[in-house]
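Chemist: Can you look at this prediction? I've put the sequence above it.
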Amino acid sequence: MTELPARWGGLATPEGIQLLIVHGLASYVSDLFLGEDMVAAPLQDVLWRYLHDQGYERILFSRRSEEVVYCLDEESAGLLRPPRPAGAVRPPGPLQGMDPMGLRRRAEPVRTGLTEQGGIDLLAAAMNDGRARTAVVFLEAEQWLTHNAAGGVFGDVLTTWLEAPRVAGNLCLLVFRQRTLDEVRDFVHGLRIYPALTGLVTALQEHGQGHRPGLLILAAPQADELERLVQTVRLTRGLEVDWPRLDIVVRAMVASRESLRSWRDRLDALVRDGVRLTPDVLRERRWVPVALTDGRSAEERLRTMVGLRPVKEYLQEIRHYIGWQAGRDNGDTHLLNVVFTGNPGTGKSTVARLVGELYRDIGALPIGHVHEARPSDLVGAYQGHTRRAVERAFEEARGGILLIDEAYGLSDDAGGPGPSFGREAITTLVQLMDRERGQIAVVVAGYGAKMAEFLRSNDGLPRRFPNRIDFPDFEPDELHAILLAALKRAGMCWSDEMADRLAEITERTHATRAEGFGNAGDMENLAEQITRRWSVRTLGNAGEPLDLEDLPEAQRGMLADRDLPTPENLLAELDRMVGLESAKRMFRELVDLLRLNKQRRARGMTAEPVVAPHMLFVGPPGTGKTTVARLVGKLLMVLGLVPRGHVHAVSRSDLVAEWMGQTGPRTREAIQQALGGVLFVDEAYELAAVSRLDQYGQEALAVLLEEMENRRGQFVLVAAGYPEEMRRFLDANPGLASRFDLQIDFRAYTDQELVEVLRRLAEDKGYELTKAAAVRAARWLSLDRRRQGRAFGNARTARKLLGRMTASLAKRVPVDATDEELRLLQPGDVPDD
Amino acid sequence: MSGEKTLQIALQNWYRRQIVEPLVQSLDAHTVEHLREGMRQQLDADLGDVRRRQAGLEGTLNQLSARNAVFERETARRLDEHVGQLEQRLLASGDELRTEVFDALAGTEQAIRGELEEQRREHREDIRRLEAGVDEVQGDRRRAAEAAQSWLNDAKVKHDLIDDKLPHERFAPGVLSGLGRKLGDAHHHLDQGRPEAAVVTAQTVYDSLAELQTEVTLKESEWAALRVAARHSLLFIDEQVKLNRTSLIVDERDGEITKAQFDVDHWSDGAVSDLRRDVAQAIGVVDGNELISIDELRAVVREQAPAFAARLGEVVDTARRRVTAAQVRSNIAELVADALQDGFAYQAEQWVLAGGDDREAIFVRLGHLSGNEIVVEVAPAGTDGTDAQLRLRSFDTDTGSAAQRGTRAVAIQRHLRQYELPVGDLQEGGEPNRSDLPPEIRGEGTPGRSPA
C-alpha cells in the first residue's frame, strides 16, 4: 500500500460511495505529488496507485480535450472490449488484401482513437459492468459537464450512475479545477442540467468541515512533500541546504502555497545559480510572502518604519503576551484579532503583513500570510451567497490573517430594515471567527468613527476584537520624509531649496487634509507624478536635479510664489466686476479671517482652522456665476484652502446616467475631476426637479452630499441656479442647505449696469459706444428683458447684442473708412427688434 | 431513428477513372511461334496442293502449239510466284492476322489479275499480227484449215486439262461446260468448211479457257490462304482465352507493386468457358467444312475472330471490376469495423461471406462491452454489382438511444468520406431483423459480453 502525501488528507477507502469529487486550484490539480517513494508523479498516476491499492481492476481515465478514454495499465486496457474469438479473422478478400483504392494510403489524416460518443458509451458500459471492479476518472470534469453537444449523453450517463446504478462497487471520480467546494457547487448548479450532482455536492457542503467521504481537496503541498522535494533535489542535483534552518525554510515554503512543480523549478534554479537554500534566499527571491523585500526580519523592518509608534508598542506588548499565553491550554485566541483605525496610506496593510509574520514567527499562526478582502468581496448578490463569500475568504486566509479593509462598509449596509447581506456577512464573520479560532486572525480596518459604528453593529464584535490600534495620520515632517524617500527610490536628486519647497507642500497638504486623507499613498503618488514630469522635461537625463517645473500644477499652486496673484489682486479683480456686492463682501471677510489666523498663529495663539466653503450661487443666468466661480477657485488656491483651484463645471446630464447603477460612479468621477478645486454644478436644482420618481437625480444628489462631507477641504462644491428654483430645491431636500457654508446672490443687472457691461465688452474688443448708441442699447436691452422674462440672459444678452452691433458695423463701413468709422458703434448698429 | 442504416457507395465512377493497362494478357513469344509454325505447315499443305497442280500442268505444255506454249509457261510462272507471295505475306503477318494483311493480299490478287490480263491481251495482239498474213492468202483454205485444227487442238488440250485437274466447278461453276459447247461450235465450223470461222471461235474459246484457268487457280489459292488465316486467327483467340482464364491485378503505387491472381471464369460467372466453347465451335466449322466459301472464311477473319477478341476483353474487364469491387467491399468492411473498434470500442467477432461466396456480401459482427451488437454488411450494388451498399444493423441490449445509433452511423459515414470514398446520404431502414443475416451469424446476441 502506497502512503499518500499529507495534503491528500488521509483519503479513506471509498467504500459505499459511487462518486468521489476531487477539486483544487488548477495549479494543484496539474501539480506533481511526491510520495514516500520519492517519485514525483502527476495526479493521474497517484490516483491510479490509490485506486489500484483499493482493489480496482479496471481503472479508466478520461480527458475530453485529449483522449476520451485511456488506461495506464495493460490489465485495464484488456478489460475494455469483449475478447476477440479465435476464429474472428478478417478474410483477406479475393485479391489477398490488396488495396486497389489506396484507402490505407489515404488513412494518414484520419484520426483514430475513440470518438466522444464511443468513449462515453464505453465508460458507461464499464461503469455498469459488475464483472470487473471499475473506477472511471474524469480528469477534466468541467469540460465534460459544460460540453453542450455531448452534455446530454454524458449527463444521462452520470445521472443514471448517480440515481440508479446497475452495479455496486464501481466508482466515478470527477476532478474539478475549482479552488473551493462552493465553486464546484456553483459551477455544477450553474449548468442547470445536473440536479443529482448538484444535490450531491450540496450535501458535501452541508456536511461541514472535517472528514467527508466522497471528497478530496487538492491543496498546496505540505511539509512532508516539500521536505522530500528538498531532499530529492539535494540528492539528485546537489542542492546546498541550510540544515539548521531547514525547518524554517520548509515552513516558509508551505506558507507560500505554491505548487510542488513550481518549487521544483525554483530549487532547480538555486542549483543552477549555485545558491544555498536559506530563509533569506526565499525572501530575496520573493518566493515567500513578505511585507517588504529587503531581506530583513519582520521585527527589524517594523523598527525602521517611519512613524507608527502606537503600532510598534502594541506589537511589542502582544508579542510577549502571546508568547506567555501560548504556554497555556486555554489561550484566548481572540487576542490575535485587531481593529486598525486610521486613514488610508497609514500603513495598515503593511503592518497587517508584518503582524502575520510575527504571529507566524512566534507560532501563533501556522502560515501567517495575509488575505485581503473588501466588504464587496464578502457580500453576495443573492440569498446564501454572502455566507459562502465569507467562508471563501476564511478558506483563503486559513493559517494567516484575514484583513478586511474599510470593514464599516458591512455595517453601513446593515442599519436599514429588511434583509441585509452586510448584516449576514457580519453574523457569519462572528460565527466563523469562533469556529476557526487558532487557525486565523482577523484584522478589520477603517476610519476611526466608522469603525466604532462597525463594532457596535453586532454585539458579538467588540468581544472578538479586544485590540485596537490607531494609525495616526503622518505628520508633515513624516510625509516629507516619505515623499523624499519615494523620490530617492525613483533615482531623483534635488537641491536643499527644492527640499524646502517640498516641505512646504507637505505641510500645506497636511493642513488641508480631510478624513480619508491618503497619507503615505498620496506621497507615493505625488513622487510618481513628479518623477514622470521630471523625465518628460529632462528626457530621463539622470543627474538632472528636480525643479519646480516638475511639480504638478496643484502642488505648484500651494507654493506662495510671486508668480501667483495675491489675494489682494484677486479681490481687486472681483471688485472690478459690475454688481456682485455680496460676493465681494464675503470673500473680503474670508481673506481677513485667514490673515487674522495667520497673525494669531505667529504669536502662538490658537486659530480656528478654516476649511474651503461649499457655496450656493443664486441668480439668474448671465449674472457672472461661472466667472466668479473661476475667480473664487483661484482665490481659494492662493489662500491655501484648496491645492489646485481649477473649476470643473458640470450639469445634470454630466452627473446622471441613463442606466441603473451608473449615476453613482459618474458623479464620483466628476468629483474626482474637481478634487483640489471647484465642482461647479450649474442649474443644480435640476437634480431634484425632474420628478419625485427620478431616482437617478436623487442618487447623484446623495453622492454629492456624502462626498461634500467626506471630502471637505479637498474640493469645493458650488451649486448654481435661478433663485426661485434653488430655494425650492433647498426646501425639498432637508439637510442640504446646512451643507453649504456660503450663499452668494447674483441679482439681475439693471439696464444701466448692462449698458456698462456692454461698454466694457466693446472696449475689450477695441470698439467704442457712442452716447446715442448707449441710449438706444439700454432701450433695446430693457425691451429684451421684458420680452424674455425669466430667461433674460443679462450679461450674456449684452454679449450677444455686441455681436450683432459689430456685424452691423461691418456691413455698413465703406472701403476707405477712417479709423474712427471702424471703431465707433452708432445707434443704427443697435438692432430694431 | 431506426436500428438499421444504409449508405450507398458509388464506385463505378472510380472504376471509370482508372487507367487500366491492357486487360487481356498477350500470348508469349513461344506460343506465338508455335502457332506460326502450325500455320506454316498448314500453308505448306494447303497452298502446296495448288502449287503441285500448277507443276503438274507443266507436262501438258508440249501438247500445245508453240505459240501458246510460251504464253502458258509465262502465265504458270506468274501464278506460282503469286502463291509464293501469298504464303510469305501470311507468314510474315505477325502475331495476329489483321484486316490490313488481308487488304494487302487482296491488293496482290488484284495486281496479278491485272498483269495476267495484260499478258493475255499482248498474246492476242501477237496472234492477230501473225494471222494478218493468213488474211493475205485468203482463199488458201488448206492453210486455214490447218490453223483451225491447231487452235482447236490447243483449246481441247486446255479444256481437258482444266476439266481434269482444276476445281473449276467449285470456283467457276458452269463456265467450262459453256466453253466446251463453244469448242464444239468451232469443230462444227471446220467440219462445215468454214475454217476461218473455226479459227476465230477456237481462238476465243482458248482465250476464255486461259482466263478460266487463271481465275480458278487464283480463287483456289485465295481460299486456301483464307482458310489457313481463319484457322490461325481462331486458334490464336483460343490460346488467348486459355491464357486469360486467370488474370492478374497489378497495383503499382508509390513504387510498390503488389500482384494478385484471380479466376476470370469465376468472376465472370463462366463467361470464359462460354467463349472457349464458341471459339472451338468456330474452329470446327473452318476445319470440318471443305466447301466453306471464301466469303465465309473472310467473315471469320474479318469479323468473327475480332469479335471473339473483343468479347474476351469484355469478360476479363468485367471479371476484373467485379473482383476489385469484392476486394474493395472487404476493405470497406474492414474500415467500418476498424472505425467501430477504434471509435466506439467494439470488437470484431465474426467475419462471414454470404453463402461462402466472395462474390456476395460480406458481413462483420461486432460486440461491445455493454452487450450491444452491430452487424456490418457490405453488399454488391448497382447494375453490374460493382457499387457497394453498406448496412449497419444495431442490436442493442442496453438502452442505447436512437440518437446514439444515429451519431454512430454519421461517424462511420464521415470516417468513410475521410477516405474519399463516394459515400451517399444516410438512409434509415426499419428495425433490423436477424433473419436477414446469413445463418452463421444469426445466433442471438448474448447479453453482456465478458470482458477479455
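Modeler: Yes, it's here.
Chemist: Run through the strands of the stretch 401-550 of chain A in chain order.
Modeler: Ranges of strands within the stretch 401-550 of chain A are A:401-405, A:441-446, A:467-471, based on DSSP state E, counting those that start in this stretch.
Chemist: And the helices in the stretch 201-350 of chain A, which stretches?
Modeler: Counting by DSSP state H, counting those that start in this stretch, the segments of the stretch 201-350 of chain A that form helices are A:223-237, A:246-256, A:260-273, A:279-284, A:298-304, A:309-326, A:348-361.
Chemist: I'd like the next helix or strand past the longest helix along chain A.
Modeler: In chain A, with assignment by DSSP state H, the single longest helix is helix A:581-602. Per DSSP states H and E, the first helix or strand lying C-terminal to helix A:581-602 is strand A:615-618.
Chemist: Tell me the gap between that next one and the middle of its chain.
Modeler: 35 Å (C-alpha atoms, centre = their mean, to the nearest Å).
Chemist: Buried residues, it. List them.
Modeler: A:615-618 (16 or more other C-beta atoms under 10 Å in any protein chain shown). C-beta coordinates here come from the backbone N, C-alpha and C atoms, glycine included.
Chemist: near chain A, which residues of the stretch 101-250 of chain B show up?
Modeler: B:Ile249 (C-beta under 8 Å from any C-beta of the partner chain).
Chemist: Quick check, the residue in the stretch 101-250 of chain B closest to chain A?
Modeler: B:Ile249 (5.9 Å; C-beta to the nearest C-beta).
Chemist: Okay, now the sheet partners of the host helix or strand of that residue, with direction.
Modeler: Taking DSSP H and E as the definition, B:Ile249 sits inside strand B:246-253. Sheet pairing of strand B:246-253 (DSSP bridges) gives strand B:256-263 (antiparallel).
Chemist: name the helices or strands packed onto the helix or strand following the partner strand?
Modeler: Tracing the chain C-terminally past strand B:256-263 and defining elements by DSSP H and E, one meets helix B:264-267 next. The contact analysis (3 or more C-beta pairs under 8 Å, 6 or more residues apart in numbering or on different chains; DSSP states H and E) places helix B:264-267 against helix B:271-288, helix B:305-344.
Chemist: in the first one, what counts as buried?
Modeler: The one in question is helix B:271-288. The neighbour-count check on helix B:271-288 (16+ other C-beta under 10 Å) flags B:271-272, B:275-276, B:278-279, B:282-283, B:285-286 as buried.
Chemist: and what of the longest one?
Modeler: Buried residues in helix B:305-344, counting neighbours by 16+ other C-beta under 10 Å, are found at B:305-306, B:308-309, B:311-312, B:315-344.
Chemist: Tell me what angle it forms with helix B:271-288.
Modeler: Between helix B:305-344 and helix B:271-288, the angle comes out at 170 degrees (axes from the mean of the first three to the mean of the last three C-alpha atoms, to 10 degrees).
Chemist: tell me, which of the buried residues of helix B:305-344 make contact with chain A?
Modeler: Applying C-beta under 8 Å from any C-beta to the buried residues of helix B:305-344, one finds that B:323-324, B:326-335, B:337-338, B:341-344 fall near chain A.
Chemist: Next, the contact list for the residue in the stretch 701-833 of chain A that chain B sits nearest to, please.
Modeler: The stretch 701-833 of chain A approaches chain B most closely through A:Val703 (56.4 Å), counting by C-beta to the nearest C-beta. Listed by C-beta atoms under 8 Å, 6 or more residues apart in numbering or on different chains, the contact set of A:Val703 reads A:663-664, A:667-668, A:671.
Chemist: Apply 6 Å and report the result again.
Modeler: A:664, A:667 (C-beta atoms under 6 Å, 6 or more residues apart in numbering or on different chains).
Chemist: Remind me which helix or strand it belongs to.
Modeler: helix A:695-710.
Chemist: then that helix to CSV, C-alphas only?
Modeler: The C-alpha atoms that make up helix A:695-710 are tabulated as CSV, following Å, rounded to 0.1, in the frame of the first residue of the first chain:
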residue,chain,number,x,y,z
GLN,A,695,-34.2,58.1,-8.6
TYR,A,696,-31.1,58.8,-10.7
GLY,A,697,-31.1,62.5,-9.9
GLN,A,698,-31.6,61.6,-6.2
GLU,A,699,-28.7,59.2,-6.4
ALA,A,700,-26.4,61.9,-7.8
LEU,A,701,-27.5,64.3,-5.1
ALA,A,702,-26.9,61.7,-2.4
VAL,A,703,-23.4,61.1,-3.6
LEU,A,704,-22.7,64.8,-3.7
LEU,A,705,-24.0,65.2,-0.2
GLU,A,706,-21.9,62.3,1.0
GLU,A,707,-18.7,63.5,-0.6
MET,A,708,-19.2,67.1,0.4
GLU,A,709,-18.8,65.8,3.9
ASN,A,710,-16.2,63.1,3.4
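Chemist: What residues of it count as buried?
Modeler: For helix A:695-710, the neighbour count (16+ other C-beta under 10 Å) marks A:696-704, A:707-708 as buried.
Chemist: hmm, back to that, now distance to chain A and pLDDT too, for the buried residues of helix B:271-288, in JSON lines please.
Modeler: Output for the buried residues of helix B:271-288, formatted as JSON lines (distance: C-beta to the nearest C-beta, whole Å; pLDDT from 0 to 100):
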{"residue": "B:Ala271", "distance to chain A": "17", "pLDDT": "94"}
{"residue": "B:Val272", "distance to chain A": "16", "pLDDT": "94"}
{"residue": "B:Leu275", "distance to chain A": "21", "pLDDT": "95"}
{"residue": "B:Arg276", "distance to chain A": "22", "pLDDT": "94"}
{"residue": "B:Asp278", "distance to chain A": "26", "pLDDT": "96"}
{"residue": "B:Val279", "distance to chain A": "26", "pLDDT": "95"}
{"residue": "B:Ala282", "distance to chain A": "32", "pLDDT": "94"}
{"residue": "B:Ile283", "distance to chain A": "32", "pLDDT": "94"}
{"residue": "B:Val285", "distance to chain A": "37", "pLDDT": "93"}
{"residue": "B:Val286", "distance to chain A": "37", "pLDDT": "91"}
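Chemist: Tally up the residues packed near the residue lying closest to A:Arg601 once chain neighbours are set aside, please.
Modeler: The shortest distance from A:Arg601 to any non-neighbouring residue, by C-beta to C-beta, 6 or more residues apart in numbering or on different chains, is to A:Ala607 (5.0 Å). Look at A:Ala607: counted by other C-beta atoms under 10 Å in any protein chain shown, it has 15 neighbours.
Chemist: before we move on, what about A:Ala774?
Modeler: The tally of other residues near A:Ala774 (other C-beta under 10 Å) stands at 19.
Chemist: Surely it and A:Val755 touch.
Modeler: Yes: between A:Ala774 and A:Val755 a contact is recorded at 5.3 Å, counting by C-beta atoms under 6 Å.
Chemist: So what's the residue count around A:Leu590?
Modeler: For A:Leu590, using other C-beta under 10 Å, the count is 22.
Chemist: now swap in B:Leu369 and tell me
Modeler: Neighbour tally, B:Leu369, other C-beta under 10 Å: 27.
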